[in-house]
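Asker: Need coordinates for the below:
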Amino acid sequence: MRSERESHRLDVRLVPFAAACWATTGSGILWGSRTAWWVVGGAFLLAVALVGASIRSGDSRWTAHRTTALALLLFGCVCSTAVAVRVQAAETHPMVNLASNGAWVTLVVEIADDPQKLASFGRRVRVDAHLREIRKPTETVHASGSIIVLAPSDGWSGLLPGQQVVLRGQVSPPMHRDLTLATVRVSGPPSEVGPAPPHQRWAGTLRARSRPRPPFYRPTRPDCCRGWWWGIRRRCRPK
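Answerer: Presented below is the predicted three-dimensional model:
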């Protein structure tokens, strides 16, 4: 009877570790790398204090609570270190300085996802892309990072993930507080478009074929056809 109750008991041993991971990640992204480094230092000092207190008390036995607390502190320290490094790299990226000045730049980017239509901005699309190069008049800087491109649908809506394009646009700070480096607003099609990977071309063909057909069809025979047009059934007869 006891074993059946224990088998139905909810196992929450990983919940504190998941909460520590989410907390350190959120604090680093929302409040910057300095906060993340403070969390690293605080968690490490607490772990050292816990070990020191156990040694000074003369109790060599480690209970389950002490072990869990020490593991949680070390895990939080490792997670916060990873977040601090990522956030600090994004804060010191060359695109951040360009975005704060609203500069116009020429970029080489790789499309990361299918372009998404923006209904509130008319015939414009949002394109998630990975930065590859920053082309300045005097030098070319090879860089990486995630950016968002806001561009007209003409020349951009048909792009596939994996294609590299060359664009020129105005850089501004990102729209959301995340690891995105900047938002680039483009007024025209890309100046250069590279080929898409074979698997992305195949996936694009499948998506195009699986699109829903309109509720009418054009006749293939000039003598007779039946179809729906504006909800009215028409019949084409030979003259």
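Asker: how close does A89 sit to E133?
Answerer: From A89 across to E133, the span is 17 Å (Cβ to Cβ, to the nearest Å). No exception for glycine: its C-beta is placed from N, CA and C like everyone else's.
Asker: residue ranges for the strands of this protein, please.
Answerer: 104-111, 116-118, 124-135, 140-142, 146-152, 164-172, 182-185, 192-193, 225-229, 232-236 (DSSP state E).
Asker: what pairs with the second one, and is each one parallel or antiparallel?
Answerer: Strand 116-118 has the following sheet partners, assigned by DSSP bridges: strand 124-135 (antiparallel).
Asker: Please tell me I have it right and V39 contacts A82.
Answerer: No. V39 lies out of contact with A82 (Cβ atoms under 8 Å); the separation is 11.5 Å.
Asker: Dump the strands of the chain into CSV; add mean pLDDT and mean neighbour count as well.
Answerer: Conversion of those to CSV gives the following (pLDDT from 0 to 100; neighbours: other Cβ atoms under 10 Å):
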stretch, mean pLDDT, mean neighbour count
strand 104-111, 95, 19
strand 116-118, 89, 12
strand 124-135, 95, 19
strand 140-142, 92, 11
strand 146-152, 95, 20
strand 164-172, 95, 19
strand 182-185, 96, 22
strand 192-193, 93, 13
strand 225-229, 42, 13
strand 232-236, 44, 10
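Asker: Tell me which of these approaches L14 most closely.
Answerer: strand 146-152 (29.0 Å; Cβ to Cβ).
Asker: before we move on, the earlier item: of the strands of the chain, which is nearest F75?
Answerer: Of the strands of the chain, nearest to F75 by Cβ to Cβ is strand 146-152, at 26.4 Å.
Asker: neighbouring contacts of the closest one?
Answerer: The list of residues contacting strand 146-152 from outside it, by Cβ atoms under 8 Å, 6 or more residues apart in numbering, reads 95, 107, 109, 112, 115, 118, 121, 123-131, 156, 167, 169, 174-175, 179-189.
Asker: make it 6 Å
Answerer: The contact list for strand 146-152 (Cβ atoms under 6 Å, 6 or more residues apart in numbering) reads 124, 126-127, 129, 131, 180-186.
Asker: Run me through the strand neighbours of that strand, direction for each.
Answerer: strand 124-135 (antiparallel), strand 182-185 (parallel).
Asker: quick one, the first one and strand 164-172 angle?
Answerer: Right, the one you point to is strand 124-135. Put simply, strand 124-135 runs at 100 degrees to strand 164-172, going by axes from the mean of the first three to the mean of the last three Cα atoms, to 10 degrees.
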